[in-house]
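>>> Need a 3D model of the sequence below.
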Amino acid sequence: MGNADLRQLAVLEDVPFEELGGSVVAVDAHNWLYRYLTTTVKFTRDSAYTTADGEEVANLIGLVQGLPKFFEHDLTPVFVFDGGVTDLKDDEVEERREQRERYEEQLEEAKEAGDRTRIATLQSRTQRLTDTIQETTRGLLERLDVPVVEAPAEGEAQAAYMARQGDVDYVGTEDYDALLLGAPYTLRQLTSKGNPELMDFEATLEKHELTWEQLVDVGILMGTDFNDGISGVGPKTAVKLVREHGDLWAVLDERGEHIEHADVIRDLFLDPDVTDDYDFDRDIDPDMAAAREYVTEEWEVAADEVETGFERIEASVVQTGLDRWT
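Residues are numbered from 1 along each chain as shown. Okay, here's the model as predicted:
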């Protein structure tokens, strides 16, 4: 998820949806999906998204409820999925797994105590993107004609690359690491109410008088998903040190510090594993009948939980299509 302290450095502004119409957004699929998945589980009855075989597909409810926001504002989402996870991220993955196991233990205790509020909260915290969730998410997106890109590694890195190439207009993620990955413009809070928040890469560099490489060095000093930061070094101190000494290596030498695999971590942001093997159409032409059948019949999701979302998608896509011909 990156270091949230990067927010203190980023140039951010709220932007009205009206100014974004006609744009393409490369969505960090796992980041976006996880937020809707946890919200759905927390506020929706289990039976609404659990099949007769016990498969849980709360993601399908989350997708149908979350996608209308794009279409209603004439945005084309391109969902970018993670590929392999870099070895350097193993520690973070393991830490998240251990945290989830602790939540699962607490969930069993809450069930024994009959604490419904606690149960709902813990169920949302123990969610993970299972193979079934991955499969059904792609299945529904295909029927809705929403473009999908498979990243060779980190989906966010692929999305940032596509934005730098000019193939999409924005990256959509809550992760501040999009800044270190050089995403020109990032839209945050796409899963929240109200207008999104725009994070501006070039304006951030200009504000702090840094190059992209130096901004990455600042991030490494603060700490990333791939490394712990230097003790006592926060955003302002990291910027000051890099500006004074020029780069990460000079700062580490001056302080007598060492960051293991620092050169590899730097390249993960500046030259990540990405692909040019993608192609998509900006115009969405969903098969609504197939989408409804897939969700409510094939995967047995309660129709009353998704019909409003389907109606919003249908109405907004039809209206958008009309507007483009006027």
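
>>> residues near Phe43, how many?
10 (other Cβ atoms under 10 Å). Yep, even glycine has a C-beta here, placed from its N, CA and C like the rest.

>>> Ignore what I typed, I meant Gly54.
Neighbours of Gly54 (other Cβ under 10 Å): 6.

>>> per-domain residue ranges of this structure.
For the chain, automatic domain parsing gives the domain ranges 1-206, 209-273.

>>> Quick one: those as JSON lines, columns for mean pLDDT and distance to Ser316 too.
Shown next, in JSON lines, are those (pLDDT from 0 to 100; distance: least, Cβ to Cβ, whole Å):
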{"stretch": "domain 1-206", "mean pLDDT": "84", "distance to Ser316": "4"}
{"stretch": "domain 209-273", "mean pLDDT": "95", "distance to Ser316": "34"}
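
>>> how about those, which one is nearest Asp285?
domain 1-206 (5.0 Å; Cβ to Cβ).

>>> from the middle of its chain, how far away would the closest one be?
4 Å (Cα atoms, centre = their mean, to the nearest Å).

>>> Quick one, which of the domains of the chain gets closest to Ala291.
Nearest of the domains of the chain to Ala291, taken as Cβ to Cβ: domain 1-206 at 4.3 Å.

>>> Kindly provide the distance from Leu241 to Leu129.
In this view, Leu241 and Leu129 are 37 Å apart by Cβ to Cβ, to the nearest Å.

>>> Counting neighbours, go ahead and name the busier of these two.
The residue with more neighbours, out of Leu241 and Leu129, is Leu241; 21 against 16, by other Cβ under 10 Å.

>>> Look up the closest residue to that one, ignoring the ones flanking it.
In this structure, Leu241 finds its nearest non-sequential neighbour in Val251, 4.6 Å apart by Cβ to Cβ, 6 or more residues apart in numbering.

>>> Now do the helix or strand harbouring the one you found: distance to the chain's middle.
If you go by DSSP states H and E, Val251 is part of helix 248-255. Averaged C-alpha coordinates place helix 248-255 at 33 Å from its chain's average position (Cα atoms, centre = their mean).

>>> ok, now stretch 239-252?
30 Å.

>>> likewise stretch 290-298?
Per Cα atoms, centre = their mean, the centroid offset for stretch 290-298 relative to its chain is 25 Å.

>>> what's the first-to-last distance across that stretch?
Stretch 290-298 has an end-to-end distance of 10 Å (criterion: Cα to Cα, to the nearest Å).

>>> Check stretch 292-308 too.
With Cα to Cα as the measure, stretch 292-308 spans 11 Å from end to end.

>>> Return the set of buried residues in that stretch.
Arg292, Tyr294, Val295, Thr296, Trp299, Glu300, Val301, Ala302, Glu305, Val306 (16 or more other Cβ atoms under 10 Å).

>>> which residues does the nearest residue to the fifth one once chain neighbours are set aside contact?
In other words, Trp299. Closest residue to Trp299 apart from its sequence neighbours, by Cβ to Cβ, 6+ apart: Val57 at 5.1 Å. Residues in contact with Val57 (Cβ atoms under 8 Å, 6 or more residues apart in numbering) are Tyr49, Thr50, Thr51, Thr132, Ile133, Thr136, Trp299, Val301.

>>> cool, Asp167 as well?
Contacts of Asp167 (Cβ under 8 Å, 6+ apart): Val24, Tyr278.

>>> What separation is there between it and Gln158?
11 Å.

>>> Next: Val264.
Taking Cβ to Cβ, one finds Val264 at 19 Å from Gln158.

>>> Which of those two has more residues huddled nearby?
Neighbour count, other Cβ under 10 Å: between Val264 and Gln158, Gln158 has more, with 27 against 13.

>>> and the helix or strand containing the more buried one, what other elements does it pack with?
Using DSSP H and E, Gln158 maps to helix 155-164. On a contact count with 3 or more Cβ pairs under 8 Å, 6 or more residues apart in numbering; DSSP states H and E, helix 155-164 meets strand 24-28, helix 29-43, strand 76-81, strand 170-172, helix 177-180.

>>> Give me the sheet partners of the next helix or strand after the last one and which way each runs.
Past helix 177-180, heading to the C-terminal end, the next element that is a helix or strand (DSSP H and E) is strand 185-188. In the sheet containing strand 185-188, the strands it pairs with under DSSP bridges are strand 170-172 (parallel), strand 197-200 (antiparallel).

>>> Can you list the neighbours in contact with strand 185-188?
So strand 185-188 is contacted by 12, 15, 20, 25, 163, 169-174, 178-179, 196-201 (Cβ under 8 Å, 6+ apart).

>>> Could you tell me which of the residues you listed count as buried?
The buried subset of those - by 16+ other Cβ under 10 Å - is 12, 20, 25, 163, 169-174, 178-179, 196-201.
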